[in-house]
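Trainee: Here is my input; please provide its structure:
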Amino acid sequence: MPVSTIVEVLSAVFQISPADEYTDNATLRVLLRRSADRWCLPGGGSDANEKLSDTARHLLVAQTDERSVRHLEQLAVFSDPDRVSGARTIASTYLGLVPSDAPPATPSAAAWHDVNTLPQLAFDHAKIVDAARHRLAAKLSYTNIAFALAPAEFPMSELSEIYGAALGYPVDTTNLLRILSRRGVIAATGTVRRNGRGGGRPPALYRFVDAELRVTDEFATLRPPL
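Mentor: Residues are numbered from 1 along each chain as shown. Model (predicted):
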C-alpha cells in the first residue's frame, strides 16, 4: 500500500550580531519561532502552486516578519522516516542570510538565538541548524557569501568579526583584507567611518564588489574548523 508523504519547507536563517558595549565578540544567531511549548525553524507545508524557495520566503515573512534576507539557497533534504511523529514528512531545507545592519523583526512568536546556546529545538531542527552552519563556514572559504551578512559599507575590523563569528575562530583583519582584495571580492569606497568605536583615526570603509553569490577561489584559503 502506498504511503502518503508530506513535504515541508524549513529555513535556517542566520545573522551576525556585532560586538557592542555589552558583548565583547560578534555572535552568529539563528532565527527561531515559538510553536506551542518549543522552538523551531520557520517553515511549514509546501504549496503545490509555487516553487519551494518561494514557499520558504513567504513562510519566513508570515511567521517571523523577517523581510531582509539577502541570500537564500537550498541546503539539504532531510528524509529520515521517523524524523517527525505521525505521517512521514520530508523536509526541504534552506540556508538564509540577513545582513548585520538589517532592522530587527519584532513578532512576539519569533526571536534570534545565539547558535552556541540554543534552546531545545523541535524534531531534528538542531541537525538542520548544524548543517546550515557547516555550509556557511565552508562557503566563506571559497565564495563571496559574506556579502549577505555584512552591511553595505564596513571597516575591515568589522568584516573580520563577521567572518570570525561565522567560522567559529578569530580571523586576522590584515590577512582577510589581503585575501579578499586578491580575489577581487571587496573594494575600498574611498571614504572613512565617522565616530568609529574606540575613537582614534577613522577607519577606511570597504564594500563587496558583487551582491550575488560567486565562487572566488576553488582552492580555499580560509579553512573552517567545524
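Trainee: just checking, next helix/strand downstream of the lengthiest helix in the chain?
Mentor: Ranked by residue count, the top helix of the chain under DSSP state H comes out as helix 125-142. For helix 125-142, the following helix or strand on the C-terminal side (DSSP states H and E) is helix 156-167.
Trainee: what's the angle from that next one to helix 125-142?
Mentor: Helix 156-167 and helix 125-142 are oriented at 140 degrees to each other (axes from the mean of the first three to the mean of the last three Cα atoms, to 10 degrees).
Trainee: which other helices and strands contact helix 156-167?
Mentor: Using 3 or more Cβ pairs under 8 Å, 6 or more residues apart in numbering; DSSP states H and E, the elements in contact with helix 156-167 are strand 6-17, strand 27-35, helix 125-142, helix 173-182, strand 204-208. In this view, the C-beta of every residue, glycine as well, is placed from N, C-alpha and C.
Trainee: What residues does Leu176 make contact with?
Mentor: Contact analysis of Leu176 by Cβ atoms under 8 Å, 6 or more residues apart in numbering lists Met156, Leu159, Ser160, Tyr163.
Trainee: Nearest to Ile90 among those?
Mentor: For the contacts of Leu176, the residue nearest Ile90 by Cβ to Cβ is Tyr163; the value is 33.5 Å.
Trainee: how many other residues sit next to the closest one?
Mentor: By other Cβ atoms under 10 Å, 24 other residues sit near Tyr163.
Trainee: Residues contacting the longest helix of the chain, please?
Mentor: Outside helix 125-142, the residues that reach it (Cβ under 8 Å, 6+ apart) are 10, 12, 14, 28, 30, 39-41, 75-76, 78, 91, 93, 95, 97, 115, 118, 121, 145-146, 163, 166-168, 213, 215-224, 226.
Trainee: what's the closest non-adjacent residue to Glu218?
Mentor: Excluding the flanking residues, the one nearest Glu218 by Cβ to Cβ, 6 or more residues apart in numbering is Tyr142, at 5.9 Å.
Trainee: Distance of the one you found relative to Leu32?
Mentor: 29 Å (Cβ to Cβ, to the nearest Å).
Trainee: Neighbour count for the two, which is higher?
Mentor: Leu32 (25 against 16).
Trainee: Can you check what pLDDT the model gives that one?
Mentor: Listed pLDDT for Leu32 reads 96.
Trainee: I figured it hits Ala122, correct?
Mentor: No. Checked against Cβ atoms under 8 Å, the pair Leu32 and Ala122 is beyond contact range at 9.5 Å.
Trainee: Now do the shared contacts for these two.
Mentor: With Cβ under 8 Å, 6+ apart, Leu32 and Ala122 have common neighbours Trp39, Cys40.
Trainee: give me the number of residues near Asp210?
Mentor: Per other Cβ under 10 Å, the neighbour tally for Asp210 reads 12.
Trainee: Also Ser11?
Mentor: 28.
Trainee: Find the nearest non-adjacent residue to it, please.
Mentor: Tyr94 (4.5 Å).
Trainee: Please, which helix or strand holds Ala62?
Mentor: helix 52-64.
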